[in-house]
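Enquirer: Sequence and predicted model, in that order:
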Amino acid sequence: MHRNARQAKILEIIARKEIETQEELCGELNKLNFNVTQATISRDIKELKLYKVAGTLKKYKYAYIEGDGDAVSNKMRNLFRECVQSINYANNLIIIKTMRGNAGSAGTFVDSLQIQEVIGCVAGDDTIMLVVDSNENTPKIVERLREYIS
């Protein structure tokens with residue numbers, strides 16, 4: 001089946017059911033005769049700009065924000081502001097603490113900022129770690145991130 005049809009079906013699935021993992025999504029699509037692998041699902045998730053939020057029935061679920069780029073940015077900015085509890089740093093590492101289950105979504109927002117000096121961003125359950133290219137650039141990035149939560 002074609003990519004557009006598969007991606008439309010992914011959006012339909014996550015709208016009606018809480019899907020926590022790529023493997024689970026792969027299984028749902030295979031039940032519907034979409035012969036897909038986890039690697040294909042991973043690419044689709046990236047292209048569709050899906051992110052994880054806290055679920056009701058499951059710990060996490062995939063979500064999609066509809067709308068144009070500005071609407072997504074505003075919604076993601078609001079999500080970031082609401083879920084971030086603290087932003088601290090040491091040397092070239094920035095640690096962002098979030099409410100439980102929200103680090104992935106907040107990390108997606110940070111990635112969308114495309115801060116040149118950030119060379120990596122890793123999100124867990126309630127913590128995001130950013131690696132900055134130098135100790136000197138870290139304070140200005142922390143200040144920029146703090147502006148989004150004030």
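Expert: Now that the structure is in, tell me what you want to look at. Numbering: from 1, shown residues only.
Enquirer: is residue 118 in a bridge, and if so with what?
Expert: Under the criterion DSSP bridges, residue 118 forms beta bridges with residue 132.
Enquirer: Contacts for stretch 82-100, please.
Expert: 54, 102-103, 105-106, 110, 125-135, 137-139, 141-142, 145-146, 148-149 (Cβ atoms under 8 Å, 6 or more residues apart in numbering). Heads up, the C-betas are built off the backbone N, CA and C, glycines and all.
Enquirer: and the end-to-end length of it?
Expert: 12 Å (Cα to Cα, to the nearest Å).
Enquirer: Averaged pLDDT, it. What do you get?
Expert: Mean per-residue pLDDT for stretch 82-100: 96.
Enquirer: For it, buried residues please.
Expert: Within stretch 82-100, the residues that count as buried by 16 or more other Cβ atoms under 10 Å are 83, 84, 87, 89, 92, 94, 96, 98.
Enquirer: Can you give me the distance of residue 45 to residue 22?
Expert: Counting by Cβ to Cβ, to the nearest Å, the gap between residue 45 and residue 22 amounts to 7 Å.
Enquirer: Show me the strands in the protein, by range?
Expert: 51-54, 60-63, 84-90, 93-98, 118-123, 127-132 (DSSP state E).
Enquirer: out of those strands, nearest to residue 39?
Expert: Ranking the strands of the chain by distance to residue 39, with Cβ to Cβ as the measure, places strand 60-63 first at 16.5 Å.
Enquirer: That closest one packs against which elements?
Expert: helix 3-16, strand 51-54 (3 or more Cβ pairs under 8 Å, 6 or more residues apart in numbering; DSSP states H and E).
Enquirer: what sits up against the last one?
Expert: The one in question is strand 51-54. Strand 51-54 has contacts (Cβ under 8 Å, 6+ apart) with 60, 61, 62, 63, 100, 101, 102, 104, 105, 108.
Enquirer: Those: which two are farthest apart?
Expert: 62 and 100 (17.6 Å).
Enquirer: rewinding a little: among the contacts of strand 51-54, name the buried ones.
Expert: By 16+ other Cβ under 10 Å, these give 60, 61, 62, 63, 101, 102, 104, 105, 108 as buried.
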